Structure formats: structure tokens, C-alpha cells
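**Q** Structure here, sequence nowhere to be found:
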Ligand SMILES: C[S@@+](CC[C@H](N)C(=O)[O-])C[C@H]1O[C@@H](n2cnc3c(N)ncnc32)[C@H](O)[C@@H]1O
């Protein structure tokens, strides 16, 4: 029997800690770009610290400022508790298990790995996203400057769903700059990168949750990939801009909103039929 899954894309202007209010579905994949807890040093090694990037012109308004005022006391244990509850349970079969991908500061990886184990997320794979430029130009006299972002894949016991035609991928992943999206958030992630991750770790129709949605790049990537996505963003200003971005995307891409899939008579989801999936 051929049937159609209606996709949903919703952003909530709330703490992910309040998610019970919204009764959202559990996720095959959680993508989270967590606040880096760097407070007022957000632009510490960036040329943006100075007016026009020129230290002779004095400090800009970004000197001693935060990326956003939630970027200082993010609680990793609460975050992992939420994620462990919202990931789908381990399936009986192999090759279908859910996982989460966390973008984080280098130092946060250690706490994330240890705390994740307390929530049954016993395994990790570290990721490095490699840029071809560095924002740490003020460190140039130290010779070594950062051109990477860091992340972790966290999963329970079974290996996560992995769709790459049987081919492996490297854990150092190229970071292509997103020149197409309007920049509405200081730490906005490239949509294409998120689309790639989504296509590897989920199937069309799967559910993705982003607990720290910012500009809603994850939701935009999910819309473009034919996946359902839910996001949380506490800052009203970011939420408004992100919500407008989602509405604009949905208005343009209306046909992405439902994905035909094959169901057995028992209602078990089978692999989507390639030529029927509108991707
Ligand atoms: C690093 S940014 C995410 C940027 C996002 N990946 C993007 O591409 O735009 C983290 C976001 O999480 C939000 N945030 C922090 N704590 C939160 C919480 N408890 N619940 C929901 N959002 C939160 C912050 O306001 C911030 O916008």
C-alpha cells in the first residue's frame, strides 16, 4: 500500500526544557549547536573586535560582547537529559538506531562525552569541520590559528542509521561557507552542511529535533530534505527572524511538504521508493 507522510516543521519560542507542552514526536536525529559558554569573549580573537577590523581605529561594539545573552550558562546535563528522552528508543534491527550530532566548543567535548554516558549515550565519534579560512586573525602572531569547528556524534549502543551507499566518510568534514542564506544569527550554520548530515543519518519522513535552533538552519535543511523537524529557540528576536525564514522557505518549496512512502499492511515503514520521493 502506498501512503503519504505529512511533514511538519515547527519552531517553538521556548526553552527545550519545556518541550512536554508541545507533545512533539521523538527523533531519529537530534542536531544541536549548543551555546559555547564563552560569554563576553565571543569575538576575542576575531578582527571584528575592532572597528573595520583595524586596531588603530579602536574597539568596535562587539569588543567584550557575547554572541547572544544565553551564551554563558548553558547546562549540558539538562540538555543531554532532554536529548536522551527525545531520541527514538533503540530499534530491534541493526542499521536503524537514532543518534545526535552536537556542534560544540573544543573544551565542551569532554563534558559532553562523560555526561552523555550518564544518559545511556555510551558511544561517540568526534567530528572536525574544516574551514578554508580562520576568524582567529588576531592570533596570527602565534602562527597557529583555528580553522575548525568541533562536534560529536553521540549514540547509545547500536550504530546509528547510516545512508552512504555502503561507503565510509571521514570524520574531518569540509565546511563550505553558506553564501546563499541571509545571515540572521551570529553562529548560523551552513544549510548545505546540515543537509548532508541529515541525508546520511536519516531517511525521508524521519523526525529531526534541534533544541537550540537559532536561525532555524536545521529546520530549513530538513524542509529541503523532506524530513519533519521541530526546533526550540528561547530568544524572541532570533525566533521571529527564524520563523519568518521558515515561512519563506515553505512558501517557496510547497511540494517538499509530504513524502510518499511504502507501508506494509501492518503499517510498518518500508524504504521510500526512490522515484516517488520528491527530493
Ligand atoms: C549556537 S546557537 C545555534 C545557532 C544555529 N545552529 C543556527 O544555525 O542558527 C544556540 C542557540 O540556542 C539558544 N538557546 C540557548 N539555550 C536554550 C534553551 N535552553 N532552549 C532553547 N534555546 C536555547 C540561543 O539563544 C541560541 O540562539
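**A** Thanks, I have it. Quick caveat, the model's predicted, so the values are computed rather than measured.
**Q** alpha carbons only for contacts and neighbour counts from here, please
**A** Fine.
**Q** give me the number of residues near residue 116?
**A** For residue 116, the count of nearby residues is 24 (other C-alpha atoms under 10 Å).
**Q** And the residue nearest the centre of the chain, what's its pLDDT?
**A** Ranked by distance to the mean C-alpha position of the chain (C-alpha atoms, centre = their mean), the top residue is residue 31 at 3.4 Å. Per-residue pLDDT puts residue 31 at 98.
**Q** go on, residue 134?
**A** For residue 134, pLDDT reads 83.
**Q** likewise residue 155?
**A** At residue 155, pLDDT is 98.
**Q** Who does it form a beta bridge with?
**A** residue 123 (DSSP bridges).
**Q** quick one, what contacts it?
**A** Residue 155 is in contact with 98-100, 121-124, counting by C-alpha atoms under 8 Å, 6 or more residues apart in numbering.
**Q** which of those lies closest to the ligand?
**A** Nearest to the ligand among these is residue 100, at 13.8 Å by C-alpha to the nearest ligand atom.
**Q** what secondary structure does that closest one sit in?
**A** At residue 100 the chain is in strand, as set by DSSP: H, G, I helix; E, B strand; the rest coil.
**Q** Flag every residue of the stretch 1-150 of the chain that's near the ligand.
**A** 14-16, 33-35, 70 (C-alpha under 6 Å from any ligand atom).
**Q** Let me have those residues in TSV, adding neighbour count and distance to residue 150 as columns.
**A** Listed next are these as TSV, based on neighbours: other C-alpha atoms under 10 Å; distance: C-alpha to C-alpha, whole Å:
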residue	neighbour count	distance to residue 150
14	18	26
15	14	24
16	22	22
33	21	10
34	21	11
35	24	13
70	14	20
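**Q** Which members of the residues you listed occur in helices, if any?
**A** When DSSP state H defines the helices, the subset of those inside them is empty.
**Q** List just the nearest of the residues you listed to the ligand.
**A** residue 15 (3.4 Å).
**Q** Find the nearest non-adjacent residue to the closest one, please.
**A** Excluding its sequence neighbours, the residue lying closest to residue 15 (C-alpha to C-alpha, 6 or more residues apart in numbering) is residue 234, at 5.4 Å.
**Q** count of neighbours near the one you found?
**A** 17.
**Q** For it, give me its contacts.
**A** Per C-alpha under 8 Å, 6+ apart, neighbours of residue 234: 13-15.
**Q** So the residue nearest to the centre of the chain, which state does it fall into?
**A** Recorded secondary structure, residue 31: strand (three-state DSSP).
**Q** Show me where the stretch 51-200 of the chain has its helices.
**A** Remark: helices assigned in the stretch 51-200 of the chain by DSSP state H, counting those that start in this stretch are 76-86, 108-118, 191-201.
**Q** would you list the ones you listed in CSV and tack on mean pLDDT?
**A** Output for those, formatted as CSV (pLDDT from 0 to 100):
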stretch, mean pLDDT
helix 76-86, 97
helix 108-118, 98
helix 191-201, 98
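**Q** Poorly predicted segments of the stretch 51-200 of the chain, please.
**A** Where the stretch 51-200 of the chain drops to pLDDT under 70, the residues are 51, 53-54, 61-68, 70-71, 136-142.
**Q** if we can go back for a sec, what's near enough to touch the residue nearest to the centre of the chain?
**A** 100-103, 208-211, 218 are the contacts of residue 31 under C-alpha under 8 Å, 6+ apart.
**Q** OK, contacts around the nearest residue to residue 200 once chain neighbours are set aside?
**A** Among residues not flanking residue 200 along the chain, residue 163 sits closest, at 4.6 Å (C-alpha to C-alpha, 6+ apart). Shown in contact with residue 163 (C-alpha under 8 Å, 6+ apart): 199-203.
**Q** returning to what we had before: any chance of a markdown table for the contacts of residue 234, columns pLDDT?
**A** Formatted as a markdown table, the contacts of residue 234 follow (pLDDT from 0 to 100):
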| residue | pLDDT |
| --- | --- |
| 13 | 98 |
| 14 | 98 |
| 15 | 97 |
